[in-house]
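Participant: how does the following fold in three dimensions:
(one chain, ligands or ions: 1)
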Amino acid sequence: MTKKKNIIYQTNKIIIMEKVLENKVAIITGAGSGIGKATATLFAKEGARVVVSDIDEKNGNNAVEEIKRNGGQAFFIKADSSKPEDNQALVEQTVKHFGGLDIAVNNAGIGGPLSATGDYPIDGWQKVIAINLSGILRNALSDSCHVGKGRKHHQRCFYSR
Ligand SMILES: NC(=O)c1ccc[n+]([C@@H]2O[C@H](COP(=O)([O-])OP(=O)(O)OC[C@H]3O[C@@H](n4cnc5c(N)ncnc54)[C@H](O)[C@@H]3O)[C@@H](O)[C@H]2O)c1
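Facilitator: Next up, the predicted model:
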């Protein structure tokens with residue numbers, strides 16, 4: 001089997017490296033922009049088959065197009081990390097499409113309203129908790145049923161808090 005290689009050119013020498021995520025399947029939430037998009041792009045470059053997930057359909061699809069233009073494999077699934085049914089569907093669709101799940105980067109999150117403590121809006125607070133805390137746990141619970149199942153290695157989940 002011929003494996004694709006990363007070739008790094010340095011002064012006077014060429015270093016050839018295997019793609020470290022060759023054929024791994026990765027879900028990255030909040031991958032339509034920022035850290036999530038950068039992670040998805042890097043994972044695809046390293047050979048992973050990437051599920052770009054975000055609540056923002058336009059940005060998510062743009063990220064997928066960019067990855068594909070650079071020779072990577074990716075597709076978009078719209079999911080709201082604060083909704084348990086979306087988390088479950090995200091994992092199920094990933095497993096159906098790519099045949100498994102190896103890596104979950106539960107990155108989706110929001111900054112929340114900026115306000116003086118005394119005026120802080122409780123609905124804004126609850127939204128932050130629903131996405132940044134409860135959403136991460138729900139993602140992890142959905143992922144954990146599938147991550148590494150039938151594969152030779154251990155579970156890998158990442159959380160960006
Ligand atoms: N950038 C920083 O300095 C920093 C520092 C600490 C923690 N973080 C955390 O890292 C993560 C990424 O930060 P970033 O700077 O790349 O942010 P970003 O705003 O650029 O990207 C976040 C992405 O998450 C998506 N998103 C928001 N709510 C969602 C939801 N309910 N379901 C699914 N997707 C949703 C957004 O559409 C966006 O594409 C966030 O969780 C953030 O809280 C960032």
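Participant: CA only for contacts and neighbour counts going forward, please
Facilitator: OK.
Participant: secondary structure element for Ile77?
Facilitator: strand 73-78 (DSSP states H and E).
Participant: so what touches the helix or strand just after that strand?
Facilitator: As assigned by DSSP H and E, the chain's next helix or strand after strand 73-78 is helix 84-98. Residues from elsewhere that reach helix 84-98, judged by CA atoms under 8 Å, 6 or more residues apart in numbering: 25, 27, 49, 51, 53, 77-81, 100-101, 135, 138-139, 142-143, 146.
Participant: residues touching the most centrally placed residue in the chain, list them.
Facilitator: Nearest to the mean C-alpha position of the chain, counting by CA atoms, centre = their mean, stands Ile28 at 0.6 Å. Contact partners of Ile28, counting by CA under 8 Å, 6+ apart, are 36, 39-40, 50-53, 104-107.
Participant: helix/strand/coil for it?
Facilitator: What DSSP: H, G, I helix; E, B strand; the rest coil gives for Ile28 is strand.
Participant: the ligand versus that one, what's the distance?
Facilitator: Going from Ile28 to the ligand by CA to the nearest ligand atom, to the nearest Å gives 10 Å.
Participant: nearest spatial neighbour of that residue, skipping sequence neighbours?
Facilitator: Nearest residue to Ile28 in three dimensions, chain neighbours excluded: Val105, at 4.7 Å (CA to CA, 6 or more residues apart in numbering).
Participant: again with Ser115
Facilitator: Pro121 (8.0 Å).
Participant: how about the one you found, phi and psi?
Facilitator: phi -80, psi 120 (degrees, to the nearest 10).
Participant: touching, the residue nearest to Ile28 and Ile27? I think so.
Facilitator: Yes. Using CA atoms under 8 Å, Val105 is in contact with Ile27, at 6.1 Å.
Participant: those two: who's more crowded?
Facilitator: Ile27 (29 against 23; other CA atoms under 10 Å).
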